[in-house]
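Engineer: Next come a sequence and a model predicted from it.
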Amino acid sequence: MTAAPPLSVADLRLLKEAKAGNPEAVQGLWVRVASSCWSVLAPLVHRAVGLEHMVSLRRALEADLRSFAGVDWREPVYERLWHLLWNSLQLPPLGGIDRGNWPKHDLNTLLSGATRADEARTRIRAALGAAPLELQVIHLFDLFTTCTAAQLARYAEVDEGLIREARTAVTYHLVAATREPA
């Protein structure tokens, strides 16, 4: 299990000041996490819904500051983000991973007229877009947050092995998408 990166001295200072009621410190903490949250939300939800979720996350950060003793202050934000996103996408509980059940794209049509760099990006986008939404959520959390597999498993209320299997499935399909079409 990989642990989340340790908090920096600047984060610890901001957290202390934010707990003391300094609004600029609260904003400083928010700035450190807002980009990650938006990067997870933006590809999956309508902009208006994403902005509503961002407001909700910002308010929750400020309201929950005093309860962050002994915990990475980002983790409760990411847990709330997970549940907001899962609920707004109306996803079912995370179940088994069926690696072969992704829609197939006609890459020759999709890639017609693309340059090689564009072709690789297009293939990766198509492969990720073909993934089930729950796997896209896990992949975006992996890319843009400091969450471990154990944290995501706790948020999803599943075994950590299932999160690792989901990560493997996404990686497999993204790597396969970069290969030349047969």
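Structural biologist: Yep, it's here.
Engineer: if you skip the residues just before and after it, what's nearest to Asp142?
Structural biologist: Once flanking residues are discounted, Asp142 sits nearest to Arg167: 6.2 Å by CB to CB, 6 or more residues apart in numbering. No exception for glycine: its C-beta is placed from N, CA and C like everyone else's.
Engineer: contacting residues for that neighbour?
Structural biologist: 138-139, 142, 149 (CB atoms under 8 Å, 6 or more residues apart in numbering).
Engineer: so which of those would you say is closest to Ser36?
Structural biologist: Nearest to Ser36, judged by CB to CB, of these is Asp142 at 11.3 Å.
Engineer: Let's see the pLDDT reported for that closest one.
Structural biologist: Asp142 is assigned 92 on the pLDDT scale.
Engineer: How many residues are close by the closest residue to Glu62 other than its chain neighbours?
Structural biologist: Excluding the flanking residues, the one nearest Glu62 by CB to CB, 6+ apart is Val26, at 5.3 Å. Using other CB atoms under 10 Å, Val26 has 19 other residues around it.
Engineer: helices or strands next to the helix or strand harbouring Val26 in the packing?
Structural biologist: Assigned by DSSP states H and E, Val26 belongs to helix 23-41. Here helix 23-41 touches helix 9-19, helix 47-64, helix 74-88, helix 133-144, going by 3 or more CB pairs under 8 Å, 6 or more residues apart in numbering; DSSP states H and E.
Engineer: Give me the mean pLDDT for the shortest one.
Structural biologist: To tie it back to what came earlier, the one meant is helix 9-19. So the average pLDDT for helix 9-19 ends up being 87.
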